[in-house]
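Visitor: Need a 3D model of the following:
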Amino acid sequence: MDETEHVCNNCGHTFKGNYCPVCSQDARHGRIGWLTLWEGIGQLWGIESRSGIYTLWQLLWRPGYLVRDYISGKRQVSYPPVKLLFILAAIIAVIQYFFPVPVKEPVVSGFRYLDSALSWLQNHENINALLSGCTFILPTWWLFRNAPRYPHHTIPEGFFVQVYVAILSFLFASIFAESTTLAVTLSYAYMYIIYKQLFGYGYWATLWRLVLSAVLSFVALFVLIIIGLTISELRQNNLYTRTNEGATTDIFYVCSTETDDWVNEQGDTVHFADMSKTAHRAALYGEMLGVASLVCPENCNFYAPYYNQATIEGLLRDTALCEQRCAQASEEVIQAFDNYMQLKNEGRPFVLMGYSQGGYAVVELLKHLTAEQASRMVAAYVIGYQVTESDLQHPNIRAARSATDIGVTICYNSVASPDAEIPILSGQTAIGINPVNWCTDATPVTYVYDYDDANDTLMATLDTLSHLTVIEGYDGRCPMLPFVGKEGNYHCLEIPLYYRSLKQNIALRCEVNHGTDVQHDHRTY
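Guide: All right, here's what the predicted structure looks like:
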């Protein structure tokens, strides 16, 4: 015992010995130094007591005996397994971030649900190890409950058994990342050794129990996967789908604002649509059907999510809350896109397109795309909404410069004159393109507007200061937005004004992306 008199740095008590009798702080604790730093690292990894290194060594050398010692109460020299598992997972995650594991070829069995599940698990070995361990607990408890060496083990003890198995699986999956077969083989070999040493059955009795546990575990895991995929598939009821035979590209379209405020059963005014209501769903369906028929080329499929969008009043009457409500609705669009990518896309290139509130969602969706998804994006059309300087800082958002560039964002807003701009929609836009000749300069172009039995010759010119497309010669009717609408703003005609040009340009960009030798006049339509 240390007879030196100390003053506790924590509570100020004067004492002799190694620890303060009042608050139990170690007498050695003082100002932070290099030794303190080393001790902190050592405590995290178990180096100061060698328990971390000892546990890993014992787990590789005598795994079953180590597990039995720990679950039976001999834990002084063992590093806590759950903590070790999370530390190991963190190390592996960092390593795989800097040295990514190549994506493996997808499994093809002919069954869509099974292929999707197996392919995902194949490229997420660590999650696979955790899920498999969870589904092993009950079969192991049932089949090994009368073991001669460790009878009547409990389900909580079974949990820690599987934690040790998961640690080994993590190790083998990271060390042998290029060979899944070898990693899985080693994991099951060590599982057999653990069960043999822990439970004390003979070689054959251990083997058949382990095999049956694996079968039951796989059945449980398969059922869980099917349930998860079924839930995801049910969400596809919220996805309008129009497919074309032989299509090589998809269009993912996000609707504009089609719904009004409504009052719920409690008498509260609701500022978001409810897609369980037939009227709200029908409003979006009408737009989806119309846009698909106007702009979807024959070489494309068309998908559009039914989402609980913000209402017209919720956006345009309460303009201060417009962006907040658009952001909330966009979260559903992003989730719908993820479901579409998992269950519908099948690796095809895709076009993003959104109109008005849907344009806001497309901008947010662009920021959500992974690098792999962004590499397959043909183009993104932000129609009737703005792309700001801040948005352009994101690597997935690059302004279109012509009719044929790929992986770019197209943005346009139409007016009779720049004075008719609606600030909440296009006041901060930093890019614009003429959706007729696909130029970013002020080159004017004339074209025939023939939507809905019209037969008018119009001129479209890009105003390079405001990035708005100025339309001359239109004298037809244009519905005005409530609350914020202006005479001469053509927000409600953004697709009808250019539907032929849009359809041809989508087809053209898809052909360029597909590598087709295109023989078209890209300048005018």
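Visitor: just how off-centre is the longest helix belonging to the chain within its chain?
Guide: Longest helix of the chain, by residue count under DSSP state H: helix 203-235. Distance, stretch centre to chain centre, for helix 203-235: 26 Å (Cα atoms, centre = their mean, to the nearest Å).
Visitor: With stretch 270-285 instead?
Guide: The answer for stretch 270-285 is 25 Å, by Cα atoms, centre = their mean.
Visitor: Give me the buried positions along that stretch.
Guide: Residues 271-273, 275, 280-281, 283-285 are the ones in stretch 270-285 that count as buried (16 or more other Cβ atoms under 10 Å). Where you see a C-beta, it was placed from the backbone N, CA and C, and this is true even at glycine.
Visitor: Need the CA coordinates for it. PDB is fine.
Guide: What follows is stretch 270-285, C-alpha atoms only, in PDB (Å, rounded to 0.1, in the frame of the first residue of the first chain):
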ATOM      1  CA  VAL A 270     -53.700  19.100 -43.100                       C
ATOM      2  CA  HIS A 271     -51.000  20.500 -45.400                       C
ATOM      3  CA  PHE A 272     -49.900  17.200 -46.900                       C
ATOM      4  CA  ALA A 273     -51.700  14.800 -49.200                       C
ATOM      5  CA  ASP A 274     -52.800  11.300 -48.000                       C
ATOM      6  CA  MET A 275     -52.200   8.700 -50.700                       C
ATOM      7  CA  SER A 276     -54.600   6.300 -49.000                       C
ATOM      8  CA  LYS A 277     -57.400   8.700 -50.100                       C
ATOM      9  CA  THR A 278     -58.700   7.900 -53.600                       C
ATOM     10  CA  ALA A 279     -59.100  11.600 -54.600                       C
ATOM     11  CA  HIS A 280     -55.500  12.400 -53.700                       C
ATOM     12  CA  ARG A 281     -54.200   9.400 -55.500                       C
ATOM     13  CA  ALA A 282     -56.300  10.100 -58.500                       C
ATOM     14  CA  ALA A 283     -54.900  13.600 -58.800                       C
ATOM     15  CA  LEU A 284     -51.400  12.300 -59.100                       C
ATOM     16  CA  TYR A 285     -52.400   9.500 -61.400                       C
END
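Visitor: Would you mind listing the residues in contact with residue 203?
Guide: Neighbour list for residue 203: residue 196 [criterion: Cβ atoms under 8 Å, 6 or more residues apart in numbering].
Visitor: now with 7 Å?
Guide: By Cβ atoms under 7 Å, 6 or more residues apart in numbering, no residues touch residue 203.
Visitor: for the one 4 residues further on, same thing?
Guide: Under the criterion of Cβ under 7 Å, 6+ apart, the contact partners of residue 207 comprise residue 192.
Visitor: I'd like the distance between it and residue 348.
Guide: 45 Å (Cβ to Cβ, to the nearest Å).
Visitor: what residue is smack in the middle of the chain?
Guide: Among the residues of the chain, the one closest to the centroid is residue 338, at 5.9 Å (Cα atoms, centre = their mean).
Visitor: Please report how far that residue lies from residue 243.
Guide: Distance from residue 338 to residue 243, by Cβ to Cβ: 20 Å.
Visitor: Repeat that for residue 74.
Guide: In terms of Cβ to Cβ, residue 74 sits 62 Å off from residue 243.
Visitor: Format the CA atom coordinates belonging to stretch 211-230 as CSV.
Guide: C-alpha atoms of stretch 211-230 as CSV (Å, rounded to 0.1, in the frame of the first residue of the first chain):
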residue,chain,number,x,y,z
VAL,A,211,-26.1,-28.9,-39.7
LEU,A,212,-29.7,-28.9,-38.5
SER,A,213,-29.2,-25.6,-36.7
ALA,A,214,-27.8,-24.1,-39.9
VAL,A,215,-30.8,-25.4,-41.9
LEU,A,216,-33.3,-24.0,-39.3
SER,A,217,-31.3,-20.7,-39.2
PHE,A,218,-31.4,-20.4,-43.0
VAL,A,219,-35.1,-21.0,-43.0
ALA,A,220,-35.7,-18.3,-40.4
LEU,A,221,-33.4,-15.9,-42.3
PHE,A,222,-35.1,-16.7,-45.5
VAL,A,223,-38.5,-16.0,-43.9
LEU,A,224,-37.3,-12.7,-42.5
ILE,A,225,-35.9,-11.7,-45.9
ILE,A,226,-39.2,-12.6,-47.6
ILE,A,227,-41.1,-10.6,-45.1
GLY,A,228,-38.8,-7.6,-45.6
LEU,A,229,-39.1,-7.9,-49.4
THR,A,230,-42.8,-8.3,-49.3
